[in-house]
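Enquirer: predicted model and sequence follow; I will ask about them next.
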Amino acid sequence: MNIMMPELFFEKYQNLDDKPISTMKLCEELKINLITSSPLLSGTMINVPLEMNKLPLTYLGSRHLQFIRSIPSDCLISTVIGMKTSHHVKKNLEISQ
């Protein structure tokens, strides 16, 4: 099962020096590396449109991957992406161009 956790970015579930802080901000402050997994939610996100002018990529999956890569955070260092076929790999490599 894949779930989205947007609260990671803004919900202040953690405390640092008795001050509420989001999990992502806490990771940044403590210099903990954060790795995302399955950013396309096993293909579910492929059906969610993203504006072409904001992310000028042909393949919708590539746009979603670039969106994840563009999150401004010093702690978000890597994204784990599963791909079943070499065709998917080629399409997802569009972001490297």
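Expert: Right, received. Where do you want to start?

Enquirer: only C-alpha atoms from now on, for both contacts and neighbour counts.
Expert: Will do.

Enquirer: quick one, phi psi at Y59?
Expert: Dihedral angles of Y59 (phi, psi; degrees, to the nearest 10) stand at phi -80, psi 130.

Enquirer: check contacts around the residue nearest to it when sequence neighbours are not counted.
Expert: Excluding its sequence neighbours, the residue lying closest to Y59 (CA to CA, 6 or more residues apart in numbering) is K91, at 6.6 Å. Applying CA atoms under 8 Å, 6 or more residues apart in numbering, we find K91 in contact with Y59, G61, S62.

Enquirer: among the residues you listed, name the buried ones.
Expert: Neighbour counting by 16 or more other CA atoms under 10 Å classes G61, S62 among the contacts of K91 as buried.

Enquirer: circling back: tell me the secondary structure at the residue nearest to Y59.
Expert: helix (DSSP: H, G, I helix; E, B strand; the rest coil).

Enquirer: ok, it to N53 distance?
Expert: Distance check for K91 against N53: by CA to CA, to the nearest Å, it reads 19 Å.

Enquirer: same check on I71?
Expert: I71 sits 17 Å away from N53, going by CA to CA.

Enquirer: the residue nearest the centre of the chain sits in which helix or strand?
Expert: Centroid-nearest residue in the chain: I68, 3.1 Å away (criterion: CA atoms, centre = their mean). Per DSSP states H and E, I68 falls inside helix 60-69.
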